[in-house]
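Provided below for reference: sequence and predicted model.
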Amino acid sequence: MKKKNERYEIRIAGFGGQGVVTIGRILGIAFSVHEGVNSVNTQSYGPESRGGACRSEVVVSSGVIHYPYVREADLFVALSQLALDQYGASLQPDGTLLVDADSVETFPEGFRGDLFMIPTMAIAGEVGNIKFQNSVALGALYWIIQDKISEESIKKALAESVPRATLEGNYAAFEQGKLFLQKNTANKE
Amino acid sequence: MDFMHKENLIQAGVHYLQGSQACAEGALTAGCSVYAGYPITPATEVMEHAAWRFPQVGARLIQMEDEIASASVLLGASLAGAKAVTATSSPGFSLMQEVISYAIMAEIPFVIVDVQRPGPGQGYITASQEDVMQARWGHHGEGSAIALAPSSVQEMFDFTIEAFNLAETWRTPVLLMTEETVAHMRERFTVPPRESLRILERKKPQDLGIAPQDYLPWGHDTVSPLAAWGEGYAFNCVGLVHLEDGNVTKYGTEMHHHCIKRIKDKIDGHVEDIARLETFFLDDCEHLVICYGSVFRTAIEAVREAREAAGLKIGLVRMVTLWPFAEKKLRQCIGKTGTVFVPEMNMGMMLHPITEALRDCCDRIIPIPELGKLHTPELILSTLYKELQ
Amino acid sequence: MKKHPMLKYLKEQGPQGDRLPLIMCPGCGSGQVLNFIFMAIDHLINEQGYQKDNFVFISGVGCHARLTSHYLNFDSGWTIHGRTLPIATGALLANPELHPVVITGDGDTGAIGGNHFIHACRRNLDLTIVCLNNKLYGMTGGQSSPTTLNGETTSTNPYGNFEADFDLCELAKTAGATYVARWTTAHPTKSVKAILKGLENRGTSFIEILSQCPTHFKQSPSQMIREYKEKTVRLEKMQEDDAGKIPIGEFQDMRKPDWSSSYRKIVQSVQNKTIQD
């Protein structure tokens, strides 16, 4: 939170179909509609979005957000190695990196910030459907930014963004993602 | 045209939508009851949202066979009394020019949203401002268009309403020139309570007590009242050079001059009423950035940073209205200045009217072009530092 | 002098002076067709209670288009070449009570507006298309059109037209128009009846009327009208040895829901589904 206007930049990247765009939209709604702060949500578009890697971004600020894209990500969520390779350069050297533990093996050169690893796909499978992978990631992401947003706001936004029949599963996945980070970080400490 | 289900219009309060969606909601809120369109990236989201929402409020939406047809539907709908809108992107915008030309001549209001993209039809679908000259000069014949350039999701909503207000006030097509950047971003925006919205309607001859036999479709005032088909005025709309009553048989060059001059003066003679600028940091500025559309978002960030980090005395002018070009306002607000920077998502298009306007009140004008994506603050900053330090 | 009974549907005068005469050449079929349309509308207004104010004439560019110029005592739009049908579509969307009468020609419908024509028929919008087919471009001086016959010489086919001609009625029928008929200026009663049926049909009606252009074909009007009798054959009476003759009559006469009534159903069905991203 070192930038002016309290600007906080989140970038999420992965393969198309992993729910990267949905995570971004849920975060945007959570921050702006339920938390009452400004946020801009954008996603990869055009030639950039071809070839597998998919990106979405959320810029959050208590002030006015002019430039809508990430300049230097405070938090980068990578759900695939390709996504990390393609977009990882935007991460601040001392930023926060959250990666899918089963997909990512090599990290950006010079990175010295906080690293969190979580097997999102495996946890989603345990919850009941690998399609819940993005909610697992969202739970973990929430745990990292919990000083900026309430769980209630994210859960409300999640409920507004997924089909009603899948809400229970998405909530469970969110919970497991959050708990995994909580548990593993505690162990590390 | 009254909606059957007004209660389903977007509610007042905070929303989080894409710019394209806010645009479609703005159109409905403005009282637009007809949408006609043809899918084209990156403008399709406007139509997709409209396709879902227009039937809910009882407004009509039709997917046409091409963009010429889409714009033609707007013409027919407006002649029958409705507010009408379409959204397209650059290649489609080119196809619509035929109808825009007719609508300027016959003075028929409607709104076209152009989510600009670079180059010809097969090409790229990324952010672009390469249609800003097409907006002004793309149609055949004389007559000026009105074009607005929004820079946020809030403005996609607000300016769509304003575009309808301008169209109805000046009886002319209005173009909302936007980019992928704003059309696809999601952002918090507020819908004001209905009673506080400013929504204007066209003048009609029956409201002014003008009888059908005395009706001059092109003559009662600077902007003549417009009769709707189906209301008993036997209104013969013509696109030929016409007398004020629509008579086309008495053609002569004098009549030709009179007809075209009237239509041209209607807009060009009221630039001060129509065109808007926004200014920032002008009090102490020695240099200036002039921009429009979503580039404003980068420019203000860069200008602020240049002032704070490097102490550069640099001001910012944002053109809300691209056309008619606010030359007088621009000259008035800047006085004498040093270097003027013009960042655009093209190789330098508005650079030309800006250069013309500031011919004797600045030292030099430097374009900052970017293609295919929004300028980064770093791109603008590096140019400012290079030229001014 | 007794005035023509249909003259009430023309504006002889406007606030700024004379609006007549029409600009058509002597012997042109356009005036006859306008008279047919007026007679059909007159019947609907007087016998069936149709509102005069709800009729709107829309034309594009061509000789036929001049029929909806500034002398019509109806709402009208003299508009863009080929775009008449989308413009009529817009009018209908704005006000479904309107009865658009689209006056068009073989070039306007078959060439520049061909795609709009197909799709208007497909949508079954409630509009009536009257196509004056003179088999060439009259306004621009007698060039080939999509209905110019094979072998015909025109200013753009000085060595004879070697392309096939369009059958606009078959096209309309295939595309989905619900009333389709072809007559000629030599069949005034049939033409009026067909236009009347077209206007009554709640859907897309296409009435093609072969209309003589004595100027560019360099023939006498009476000769051309006589040929319309000799060279046509009733669709239902066509024999094998009638090849080369022009079929006339009703090509289609069926009912199916028009665009507006289908759309109204959609509007009803989506109520209470409000905004949600």
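Here it is on my side, so go on.

what is the burial count for the residue nearest to residue A:152 when sequence neighbours are not counted?
Leaving out its chain neighbours, the residue that sits closest to residue A:152 by Cβ to Cβ, 6 or more residues apart in numbering or on different chains is residue A:34, at 7.4 Å. Bear in mind the C-beta positions are built from the backbone N, C-alpha and C, glycine included. As a burial measure, residue A:34 scores 19 neighbours (other Cβ atoms under 10 Å in any protein chain shown).

state the distance from residue A:34 to residue B:10.
Using Cβ to Cβ, to the nearest Å, we find residue A:34 at a distance of 18 Å from residue B:10.

please enumerate the helices of the chain.
Let's take chain A. A:20-29, A:81-87, A:120-127, A:133-144, A:151-161, A:167-188 (DSSP state H).

I was after chain C.
C:30-48, C:84-94, C:106-107, C:114-123, C:168-175, C:188-200, C:214-217, C:221-230, C:259-269.

and those, which is most packed in?
With neighbours taken as mean count of other Cβ atoms under 10 Å in any protein chain shown, those reach their highest mean count in helix C:84-94, at a mean of 31.

now do it: distance to the chain's middle.
Between the centre of helix C:84-94 and the centre of its host chain there is 15 Å, according to Cα atoms, centre = their mean, to the nearest Å.

now do the domain split for chain B, please.
Chain B is divided into the following domains under automatic domain parsing: B:6-196, B:209-269, B:278-388.

excluding its backbone neighbours, what's nearest residue A:131?
With Cβ to Cβ, 6+ apart as the criterion, residue A:131 has its nearest non-adjacent residue at 7.1 Å, and that residue is residue A:124.

which residues of the chain score low on pLDDT?
You didn't pick a chain, so chain A it is. Applying pLDDT under 70 to chain A flags residues A:1-5, A:46-51, A:186-189.

let me rephrase: I mean chain C.
C:272-277.

residue in it nearest to chain B?
Here chain C gets closest to chain B at one residue, residue C:90, 2.7 Å apart by Cβ to the nearest Cβ.

what separation is there between that residue and residue C:235?
Using Cβ to Cβ, residue C:90 is found at 34 Å from residue C:235.

what's the pLDDT at residue B:178?
pLDDT for residue B:178: 98.

and it, that one's in a strand?
Yes: judged by DSSP: H, G, I helix; E, B strand; the rest coil, residue B:178 forms part of a strand.

out of the domains of chain B, which is closest to chain C?
Chain C lies closest to domain B:6-196 among those, at 2.7 Å (Cβ to the nearest Cβ).

how about stretch A:105-114 as PDB, C-alpha atoms only?
Taking only C-alpha atoms (Å, rounded to 0.1, in the frame of the first residue of the first chain), the coordinates of stretch A:105-114 have been written out as PDB:
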ATOM      1  CA  GLU A 105       7.700 -24.400 -11.100                       C
ATOM      2  CA  THR A 106       9.800 -21.500 -12.100                       C
ATOM      3  CA  PHE A 107       9.500 -18.000 -10.800                       C
ATOM      4  CA  PRO A 108      10.300 -14.500 -12.200                       C
ATOM      5  CA  GLU A 109      13.900 -13.500 -11.900                       C
ATOM      6  CA  GLY A 110      14.700 -11.200  -9.000                       C
ATOM      7  CA  PHE A 111      11.400 -11.800  -7.300                       C
ATOM      8  CA  ARG A 112      11.900 -11.400  -3.500                       C
ATOM      9  CA  GLY A 113       8.300 -10.800  -2.300                       C
ATOM     10  CA  ASP A 114       5.900 -13.100  -0.500                       C
END
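
tell me the buried residues in it?
A:107, A:108, A:111 (16 or more other Cβ atoms under 10 Å in any protein chain shown).
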